[in-house]
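> Predicted model and sequence follow; I will ask about them next.
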Amino acid sequence: MAKIPSEQKPGCFKKLFIGLGCGCLYPTLIFFFIIGISYFYLANAFSEITRPIDIPQFAAPDQETYWTLQEKRLERAEKEKGTVELTPSEANALLSFISLPPINGFCLQRLRFLPGENQGSLYIIGSGFFLRSLVFVLELKFKPQGPPEVMQIRINRFKVPACGLVHNLFVDYLKSIFSESRIPALSIIKDSATRMLISPEKILIPDILIRKGPDQ
């Protein structure tokens, strides 16, 4: 009775080829597929982030502004807790006291605030991630009482989505840079009893912010 030939087993070379196909070829195909999808969705975002923005003209503080701010700080130190009225240039002088060491790839150069009517834009100007100019812009809305609400976040020319994974990543990143442990004044601003009134000509803030300074 004739024997049925058994199925021939693959040789070493064939096994090696199959192993390389499963171990290298398929992951490589998946990698290029992910790169293609990422480029389709992220190319525009990357281009917008790497394009520097035109910094607006702020009410930049001068030496006289620092003197008037110092006078208000001394005046409020002798009065009861309340609010103090600042000009936009005095507000930017107050922000200039915030100096933070580089962290998480970002180096802060200066903070500037551009006020509007019950709203304003906070410019976080710095550099990082191989970009000489990396600017975060927080569009803020102010209520008669309570902390300001962040309406929109921009990174250079890129508008961060209002919700979702990308939004959460950028919010967490900004929180890691501007935490209450690094800037204790943030706990005052986040207080629900905080009163801040904003207009293009004047800025009303809790006087404790100028008594101690925003970095204390």
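Right, received. Where do you want to start? Numbers count the residues shown, from 1 in each chain.

> Leu111 sits in which helix or strand?
For Leu111, the enclosing helix or strand under DSSP states H and E is strand 106-115.

> what angle sits between whichever helix or strand comes after that strand and strand 106-115?
Using DSSP H and E, the helix or strand that follows strand 106-115 in sequence is strand 119-128. Taking axes from the mean of the first three to the mean of the last three Cα atoms, to 10 degrees, strand 119-128 and strand 106-115 form an angle of 160 degrees between their directions.

> Please save the CA atoms from strand 119-128 in CSV.
The C-alpha coordinates for strand 119-128 follow below in CSV (Å, rounded to 0.1, in the frame of the first residue of the first chain):
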residue,chain,number,x,y,z
GLN,A,119,-12.7,90.5,27.8
GLY,A,120,-9.0,90.4,27.0
SER,A,121,-6.2,88.5,25.4
LEU,A,122,-3.3,87.2,27.5
TYR,A,123,-0.1,86.7,25.5
ILE,A,124,2.3,84.2,26.9
ILE,A,125,5.4,85.0,24.8
GLY,A,126,8.4,82.7,24.8
SER,A,127,10.3,80.1,22.9
GLY,A,128,10.6,76.3,22.9
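
> to the chain's geometric centre, what's the distance from stretch 65-79?
31 Å (Cα atoms, centre = their mean, to the nearest Å).

> Contacts for stretch 177-197 next, please.
Outside of stretch 177-197, the residues within contact range by Cβ atoms under 8 Å, 6 or more residues apart in numbering are 83, 98, 100, 103-104, 106, 108, 118, 124, 142, 144-148, 203-206, 208-209, 212-216. C-beta coordinates here come from the backbone N, C-alpha and C atoms, glycine included.

> switch the cut-off to 6 Å
Counting contacts by Cβ atoms under 6 Å, 6 or more residues apart in numbering, the residues outside stretch 177-197 that touch it are Thr83, Ile103, Phe106, Phe142, Gln145, Gly146, Pro147, Leu204, Ile205, Leu209, Pro214.

> Helix or strand: which one has the residue most central in space within the chain?
Nearest to the mean C-alpha position of the chain, counting by Cα atoms, centre = their mean, stands Leu174 at 4.0 Å. In this assignment (DSSP H and E), Leu174 forms part of helix 165-177.
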